[in-house]
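Asks: Based on what follows, work out the 3D shape:
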Amino acid sequence: MRSDEDRVAIEFSADELALVCEALDSHEYWQLGDQLPRNNGLVFLPGDALGQVDRYWAGREPSADEQLAIESIARCRMLAERLGALVNQV
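Replies: Numbering: from 1, shown residues only. As a prediction, this is how the structure comes out:
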């Protein structure tokens, strides 16, 4: 948990906040996930399997570079989820 000293307060309209959420989604796909399995606009992380079989990660572990990307995407998704929840409250 970050201290209050690490926080910055800013104001967004609902439309601006929605735009930031869209930008995070794009950032995940085009920058953070560029070395990871992607399909139909989604980046697939270990555990993101559709159905019973993980066709991208079954039987293999991520490389060190992939693991760094996975951790960055996880942080990006958490932020997008927090901001998305705010959009839905407005």
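
Asks: going forward, measure contacts and count neighbours with C-alpha atoms only.
Replies: Will do.

Asks: biggest helix in this structure, by residue count?
Replies: Determined from DSSP state H, the single longest helix within the chain is helix 64-89.

Asks: ok, and for that helix, which residues are buried?
Replies: Buried residues in helix 64-89, counted by 16 or more other CA atoms under 10 Å: E66, A69, I70, I73, C76, R77, A80, L83, G84, V87.

Asks: can you check stretch 32-39 too?
Replies: Buried, per 16+ other CA under 10 Å, within stretch 32-39: L32, G33, L36, P37.

Asks: hey, which helix or strand in the chain has the poorest pLDDT?
Replies: strand 38-39 (a mean of 90; mean pLDDT, DSSP states H and E).

Asks: what separates that one from the chain centre, distance-wise?
Replies: When C-alpha coordinates are averaged (CA atoms, centre = their mean, to the nearest Å), strand 38-39 and its chain have centres 14 Å apart.

Asks: For the helix or strand just after it, which strands pair with it and how are they oriented?
Replies: Heading C-terminal from strand 38-39, the first helix or strand you meet, by DSSP states H and E, is strand 42-43. Applying DSSP bridges to the sheet, strand 42-43 is found paired with strand 38-39 (antiparallel).
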